[in-house]
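Peer 1: heads up, no residue letters with this:
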């Protein structure tokens, strides 16, 4: 007989998912209410308002897609891109490849530019490519956990306006832990997830759309069979997905309350609480908190005598890639950390596989005790491999950052 | 300042979502664990085993799609159907139209047969259409809450085998509350949601695939850019969605543990608990419970003197459509029931809009007290409209069923 779920205690210090804030999990145990109950629609509206603060936007169209962060990415791309549309993707890690992959499945004409892993794009390089490709959409990741890099976005919005391009940004790994300015930076669509700096579980994808992005997508609205009414004239090329059709989902969250999916109410409660806690803390304060604990972890691993991967000037606050020392089996060391200390750190993908660990400090785990205990345990695990280490150097260096 | 979520107390007696079992919500507040933690992959395997019992199948490929029930439907159809493939949809309510809609967006060639709302299809009518259309897939809803009808499926599997057709069934509204036999009935794919008879919140879609369905879908596997390895040769027509690509999702849940989405762990905990409670109760016992409370509600509304819509012989156990009496404003009466008594019942779609209410008895709310209190309150609300009613007749008739 299988018993109730009974997870072991884990401190999740990888690149995400990380431990959810207990307040978020408690919010998720609240009783359900019907999806058109006045209390529920008011709660949906509150959630929209909270995410406007999180995304730093006045966008009316700010809501949740009911799926993991990847569902939000696909909703944005499949709703924007018609077959044959050109899209430009600057690829600086695994999640750039994911944007390519999803855009290809939308039957778009996908163009890429690439920099080596561990670097970001200077704005001129992006503008040159925009000039050459003349895309409908520029699709870019802000923070790519595969390399830990954080692509500067402030100039890209202006480039896109100049060339009449829509700018989509995947902020899954970065939002809440790094500066993010939807309106000030001129972003048209941004999507995220809860499981990184927002301190919740995976399963809900906050999204925001500028008026011009919403207009493009509304120009493709085909209200679905079974609930179509007089006046629901189909427009433009029908969006290839029903579940991720933002034209209809905007009408579900909007005053029309068009029947679409059945809202994932428990995830909504969680997403609402994630945003509420961030807004209560203050977005700038939260970003500063991630900067502080990220710096402490960075200096801590260096203080142990370990090397760090990539252009640290452009690192996300919330994750660091640590070179696996010679003679250490990276996966065995991770397993030891998990089994003996209950601490999880991350492996890596593609060209970095077997070369670095990725250590996160994000959301609820951007905390002093989480940083110090991880450094202390990592030192003990590496000691067993005979790696030359500065005894106590990790914790001391982190404590110096805190002092 | 927006405070923590604080929902009003509601008894949800509509066609779903209904109140989640408190044990399911409690399971969802358990702490998170990393997605490749040995405990997590073991818990995913347990969840697969539990849903095999719920779907009554030996299918290896039995897991969760991370989205609402509609995500499960789209995952099944977009993974099965290539552009130009023929699909046959017997439409007997709003959710048949939804299958049409989704299949059209897969660029399939969609054929339909229809019966009036309130009826189901005799198997001969389906076989005639299969013979005529020669579809690749027959896609059918089991229980369509828009009409309350439950389509008999036992003969359809054999028809499909005879004509070499794949049989997909949307069991969202019916699974757990009505007999459902994936293997004995020869179904190839079935999908569901948690928010009906399974007693959980919307947001996770259990799915099961027969070996032959899995083989068809595996024949379209294109491992995504960014994680593709040597030997990952692309095969067949690429599935149009990445998020709902069952070929990759099977590899995520399977021994390869291919990186795809970040599992929605809290929803997984909830889905696991829903299945665990059903299996603990016994599937047959749960179906009998739904039959009993559904009969009590049916006889109760009749005992009040109200008429019931549709072919009651083919009604789902878990929902009944009640004719709104002359002179009653259906939406105002529903609002009164909600505001004064905290009880929600359902409105209706399409040809039934304004003509019937839909009253559910499912999942955690398939209980005597929920049935009796709903009937008692409904009597009081209708009394205010001067509807001729048998005083106490609703509760009395239900109690007779229980006796």
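Peer 2: Yes, it's here. Everything numeric here is computed off the predicted structure, so don't read it as measured data. Residues are numbered from 1 along each chain as shown, chains lettered A, B, ... in the order given.
Peer 1: and the residue nearest the centre of chain A, what's its pLDDT?
Peer 2: Most central in chain A under C-alpha atoms, centre = their mean is residue A:172, positioned 0.9 Å from the mean C-alpha point. On pLDDT, residue A:172 comes in at 98.
Peer 1: how many other residues sit next to the residue lying closest to it once chain neighbours are set aside?
Peer 2: The shortest distance from residue A:172 to any residue other than its chain neighbours is 4.1 Å, reached at residue A:69 (C-beta to C-beta, 6 or more residues apart in numbering or on different chains). All C-beta atoms are positioned from the backbone trio N, CA, C, and that covers glycine. Residue A:69 has 30 neighbours, counted by other C-beta atoms under 10 Å in any protein chain shown.
Peer 1: kindly report the same for residue A:13.
Peer 2: Residue A:13 has 29 nearby residues by other C-beta under 10 Å.
Peer 1: my read: residue A:15 touches residue A:346, true?
Peer 2: Yes. Using C-beta atoms under 8 Å, residue A:15 makes contact with residue A:346 at a distance of 4.5 Å.
Peer 1: neighbour count: the two, which is higher?
Peer 2: Higher neighbour count among residue A:15 and residue A:346: residue A:15, with 27 against 23, using other C-beta under 10 Å.
Peer 1: ok, which stretches of chain A are helices?
Peer 2: A:22-27, A:38-55, A:69-80, A:94-105, A:123-133, A:156-162, A:211-218, A:246-253, A:265-281, A:283-304, A:330-341, A:368-383, A:393-402 (DSSP state H).
Peer 1: quick one: buried residues of stretch A:98-115?
Peer 2: A:98-113, A:115 (16 or more other C-beta atoms under 10 Å in any protein chain shown).
Peer 1: and chain B, is that stretch touching that?
Peer 2: Yes. With C-beta under 8 Å from any C-beta of the partner chain as the criterion, chain B is reached by stretch A:98-115 at A:98, A:100, A:101, A:102, A:104, A:105, A:107.
Peer 1: now list whatever residues contact both of residue A:15 and residue A:346.
Peer 2: A:145, A:358, A:360 (C-beta atoms under 8 Å, 6 or more residues apart in numbering or on different chains).
Peer 1: ok, the residue of the stretch 1-150 of chain A found nearest chain B - contacts?
Peer 2: With C-beta to the nearest C-beta, the shortest gap between the stretch 1-150 of chain A and chain B falls at residue A:97, namely 3.1 Å. Neighbour list for residue A:97: A:91, B:224, B:225, B:226 [criterion: C-beta under 8 Å, 6+ apart].
Peer 1: pick out the residue in the stretch 251-400 of chain A sitting closest to chain B.
Peer 2: residue A:264 (3.0 Å).
Peer 1: just give the nearest non-adjacent residue to that residue, would you?
Peer 2: Once flanking residues are discounted, residue A:264 sits nearest to residue B:203: 3.0 Å by C-beta to C-beta, 6+ apart.
Peer 1: now swap in residue A:180 and tell me
Peer 2: residue A:171 is the one closest to residue A:180 (C-beta to C-beta, 6+ apart), at 5.8 Å.
Peer 1: wait, that neighbour sits on residue A:192?
Peer 2: Yes. Contact criterion C-beta under 8 Å: residue A:171 and residue A:192 qualify, at 4.9 Å.
Peer 1: higher neighbour count, these two?
Peer 2: A count of neighbours by other C-beta under 10 Å puts residue A:192 above the other of residue A:171 and residue A:192, at 32 against 28.
Peer 1: distance-wise, check the more buried one relative to residue A:172.
Peer 2: For residue A:192, the distance to residue A:172 equals 5 Å [C-beta to C-beta, to the nearest Å].
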